[in-house]
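Participant: sequence and predicted structure below; questions after.
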Amino acid sequence: MNAYDSKRMVDVLAPLGYCQSEQLENADLVILNTCHIREKAAEKIYSELGRLRAIKNERLESGSPMMIGVAGCVAQAEGAEMLRRAPFVDLVFGPQTYHRLPEMVARAQRDMGAREFSGRGIIDTQFPIEPKFDSLPPATSPGPSAFLTVQEGCDRFCTFCVVPYTRGAEFSRSVADVIAEAVALVDSGARELILLGQNVNAYHGVSPAGGEWRLAELIRELAEIPNLERLRYTTSHPRDMTSDLIRAHGEIEILMPYLHLPVQSGSDRVLSAMNRQHTSENYLDIIEAVRAARPNIALSSDFIVGHPGETEEDFEDTLTLVERVGFAQAYSFKYSPRPGTPASAMEDIVTEDEKSSRLARLQEVLNKQQSQFNEEFVGVVLPVLIDRKGRDENQLAGRSPWMQAVHVDFDRPESAQLAYGKTIDVRIMTARPNSLAALPLNKLGSAG
Ligand code: 5AD
Ligand code: SF4
């Protein structure tokens, strides 16, 4: 979502004459869009700010001042504290305020000279009444695969998580608003839309008839947009996996066969301490229903190891759940206490060493499952939406329907050029742990 938000900040600043710069040193305005989900992410900001301070100093000496802004959830959580630690920062603003960015930048520009390094930068960490989406310009130049935020914030209050405090209460954009943005994105070349929300399947937007639509109804409507080839959504909560949404996976062809459904733990004791409001059995039932609707679906998840109170036995329950599901890929993290969350006040903490060892054991199983999943594709022909340059010459990259990164080697620059932004059939030649290598089909003759 931060990638999406950063893009919208670029859009909202365009009328002021700002455009994106490839070089930090040339930028008149630098915005760090920050993440507060784990301590490591948050701490990185200050070392990055130290680096920016040196560039700001140099630019000041040569008479071309540089403005520094910090956006996102660290800005939201730290507010004035951030200006105390880094007084050379000009703007500190939370994730719900970036539609007010032009006004903030204009204000900061007016009194910039007077304020240099003073620690009196502008702070905006409100949750404004007017939703930011109402005052943003249309999204531009999305590329072949585009993010689209449909829902934001969260009311679930998992005990370990800062999101309900930094992103705020759950909010769904109206169906009309989402469709207008989706149509604009597809008109400007997007072929895949990834619907975003911290708890995206809690979506309940105002429908055109004045009622309310859940995510499944929204997806059904979006699937009708001409030239849209692929739809995905992330991230979901098991409790909001409605039967209608599960059915949609079997009925809507362009809804890709991939589901990221965080479980966090396989132990019911830990799930309860996490306030997840589901058991491991509930999760397995959902997986069974999803697989019945779309047998070839790839499953992904998030895991936290070492939540306060997690015993060796609890952790083994997580390993058992992983074995029972069989994931195509997953993200796993050591529990990181976040200020202000209920879990951060819990006792019975797990040592750092124990967390590291559990993470390594979990990742070993998950990596094995991911490699196995990828290896099954060797020799297979599958459609890839080409959306990026590859690392090598004449190489492009894209995603398979199952979200695998696929690197495709073309024989000539012209054929690579033609393929960009299109969905092409490729044959998988090699499987690596985190990606697949492929050749375009036309080079091989017809697919066997
Ligand atoms: N510590 C570790 N991981 C966390 N996540 C969220 N909060 C924490 C935390 N305090 C993980 C969860 C979530 C993902 C986005 O980040 O697994 O699903
Ligand atoms: Fe955080 Fe997700 Fe739980 Fe919401 S559902 S509190 S975003 S982990």
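Facilitator: Here it is on my side, so go on. Ligands and ions are numbered 1, 2, ... in the order given.
Participant: against Gly398, how distant is Lys389?
Facilitator: Counting by CB to CB, to the nearest Å, the gap from Lys389 to Gly398 is 11 Å. In this view, the C-beta of every residue, glycine as well, is placed from N, C-alpha and C.
Participant: more crowded one of these two?
Facilitator: Remark: of Lys389 and Gly398, Gly398 carries more neighbours, 27 against 12, as counted by other CB atoms under 10 Å.
Participant: which SS class is the more buried one?
Facilitator: State at Gly398, reduced to three classes by DSSP: H, G, I helix; E, B strand; the rest coil: strand.
Participant: what bridges to it?
Facilitator: Listed by DSSP bridges, the beta-bridge partners for Gly398 are Ile386, Val406.
Participant: list the contacts for it?
Facilitator: By CB atoms under 8 Å, 6 or more residues apart in numbering, Gly398 lies in contact with Pro144, Val384, Leu385, Ile386, Asp387, Arg388, Ala405, Val406, Val408.
Participant: these two touch, right, the fourth one and His407?
Facilitator: Which is Ile386. No: shown here, Ile386 and His407 do not form a contact pair, counting by CB atoms under 8 Å, at 10.4 Å.
Participant: any idea of the pLDDT on Pro128?
Facilitator: Pro128 carries a pLDDT value of 83.
Participant: straight-line length of stretch 292-301, end to end?
Facilitator: 19 Å (CA to CA, to the nearest Å).
Participant: stretch 285-304 too?
Facilitator: First-to-last distance for stretch 285-304 - CA to CA - comes to 21 Å.
Participant: pull the helix or strand with minimum mean pLDDT from this protein.
Facilitator: Least confident element among the helices and strands of the chain, by mean pLDDT, DSSP states H and E: helix 112-115 (a mean of 61).
Participant: from Ser135, how far off is the closest residue to Ile252 other than its chain neighbours?
Facilitator: Spatial nearest neighbour of Ile252, chain neighbours left out: Ala223 (5.0 Å); criterion: CB to CB, 6 or more residues apart in numbering. In this view, Ala223 and Ser135 are 29 Å apart by CB to CB.
Participant: compare the two (neighbour count), which wins?
Facilitator: Per other CB under 10 Å, whichever of Ala223 and Ser135 has more neighbours is Ala223, with 17 against 12.
Participant: spit out the contact partners of that one.
Facilitator: If a contact means CB under 8 Å, 6+ apart, then Ala223 has Leu231, Ile252, Glu253, Ile254, Leu255 as its contacts.
Participant: where's it relative to Asp302, distance?
Facilitator: 26 Å.
Participant: what ranges in this structure fall below the confidence cut-off?
Facilitator: For the chain, the stretches flagged by pLDDT under 70 are 113-118, 443-448.
Participant: contact residues of the stretch 251-400 of the chain facing ligand 1?
Facilitator: Pro262, Gln264, Asp302, Ile304, Phe333, Tyr335, Ser336, Arg338 (CB under 6 Å from any ligand atom).
Participant: of these, buried ones?
Facilitator: Among these, those scoring as buried are Pro262, Gln264, Ile304, Phe333, Tyr335, Ser336, Arg338 (criterion: 16 or more other CB atoms under 10 Å).
Participant: contact partners for the fifth one?
Facilitator: What it means is Tyr335. Phe160, Ile304, Val305, Gly306, His307, Pro308, Glu310, Ala343, Val350, Lys355.
Participant: now, which of the residues of the stretch 251-400 of the chain next to ligand 1 lie within strands?
Facilitator: Asp302, Ile304, Phe333 (DSSP state E).
Participant: what is the neighbour count of Lys334?
Facilitator: Other residues close to Lys334 by other CB under 10 Å number 18.
Participant: in the sheet, who's paired with it?
Facilitator: With DSSP bridges as the criterion, Lys334 is bridged to Val305.
Participant: go on, Ile123?
Facilitator: Beta-bridge partners, per DSSP bridges, of Ile123: Val92.
Participant: quick check: it vs ligand 1, distance?
Facilitator: In this view, Ile123 and ligand 1 are 25 Å apart by CB to the nearest ligand atom, to the nearest Å.
Participant: what residues are up against the residue in the stretch 201-350 of the chain that ligand 2 sits nearest to?
Facilitator: Distances between the stretch 201-350 of the chain and ligand 2 by CB to the nearest ligand atom are smallest at His237, namely 4.7 Å. Contacts here follow CB under 8 Å, 6+ apart; on that basis His237 touches Arg156, Asn199, Asn201, Ala202, Pro262.
Participant: pretty sure Gln109 is in a strand, no?
Facilitator: No: if the criterion is three-state DSSP, then Gln109 is helix and not within a strand.
Participant: from Arg100, how far out is it?
Facilitator: 15 Å.
Participant: between the two, which has more neighbouring residues?
Facilitator: Arg100 (19 against 15).
Participant: for that one, grab phi and psi.
Facilitator: phi -90, psi 10 (degrees, to the nearest 10).
Participant: what is the burial count for the closest residue to it other than its chain neighbours?
Facilitator: Among residues not flanking Arg100 along the chain, Asp124 sits closest, at 6.2 Å (CB to CB, 6+ apart). By other CB under 10 Å, the residues close to Asp124 number 20.
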